[in-house]
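J.: 3D, please:
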Amino acid sequence: MLVRLVAAITLLSLVIAGWNRQHRPYEESLVSVAGWFAYSFEMYEKDACATADGERVRRTGSDEVLVGYEHDGHRIFFVRRCRPVALH
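T.: Numbers count the residues shown, from 1 in each chain. Now for the predicted structure:
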């Protein structure tokens with residue numbers, strides 16, 4: 001009985017360790033694909049709130065925008081305050 005209990009605990013430990021190693025690259029690839037999709041298809045280059053070259057913008061509220069840019073092959077996102085330009 002004691003041997004079975006030790007074997008079950010060992011097996012459970014191996015499964016948990018293997019699960020983390022196997023799913024970490026999968027989760028990282030999902031985050032990468034989601035970031036690429038949002039940056040490529042959901043954000044706009046020609047917005048008044050895009051202040052630097054390569055920035056893309058998605059409006060999230062009346063005075064906040066989500067800004068994304070690429071740096072060393074990675075997409076970086078952050079929130080910036082930006083009031084919309086009033087048209088006369």
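J.: helix/strand/coil for residue 79?
T.: For residue 79, the secondary-structure state derived from DSSP: H, G, I helix; E, B strand; the rest coil is strand.
J.: Quick one: neighbours of it, just the number.
T.: 11 (other C-beta atoms under 10 Å). Where you see a C-beta, it was placed from the backbone N, CA and C, and this is true even at glycine.
J.: any chance you could map the strands in the chain?
T.: 56-59, 64-71, 74-81 (DSSP state E).
J.: Which one of the ones you listed lies nearest to residue 20?
T.: Closest approach to residue 20 among the strands of the chain (C-beta to C-beta): strand 74-81, 22.8 Å.
J.: As CSV, could you dump the C-alpha coordinates of the closest one?
T.: Extracted C-alpha coordinates of strand 74-81, given in CSV (Å, rounded to 0.1, in the frame of the first residue of the first chain):
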residue,chain,number,x,y,z
HIS,A,74,8.2,42.0,-30.1
ARG,A,75,5.0,44.0,-30.0
ILE,A,76,4.7,46.3,-27.0
PHE,A,77,1.3,47.8,-25.9
PHE,A,78,0.5,50.5,-23.5
VAL,A,79,-2.3,53.0,-22.7
ARG,A,80,-1.8,56.7,-23.4
ARG,A,81,-4.1,59.7,-22.7
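J.: relative to strand 64-71, how tilted is it?
T.: Taking axes from the mean of the first three to the mean of the last three C-alpha atoms, to 10 degrees, one finds strand 74-81 and strand 64-71 inclined to each other by 150 degrees.
J.: So which elements touch strand 74-81?
T.: For strand 74-81, the packing partners by 3 or more C-beta pairs under 8 Å, 6 or more residues apart in numbering; DSSP states H and E come out as helix 2-37, strand 64-71.
J.: Least confident of these, on average?
T.: For the helices and strands packed on strand 74-81, the weakest mean pLDDT is recorded on helix 2-37, namely a mean of 87.
J.: Spatially nearest residue to residue 38 (excluding sequence neighbours)?
T.: residue 68 (7.0 Å; C-beta to C-beta, 6 or more residues apart in numbering).
J.: if I look at that neighbour, how far off is residue 59?
T.: 13 Å (C-beta to C-beta, to the nearest Å).
J.: These two: who's more crowded?
T.: Set residue 68 next to residue 59 and count neighbours by other C-beta under 10 Å: residue 68 wins out with 21 against 15.
J.: Alright, that wraps it up for me.
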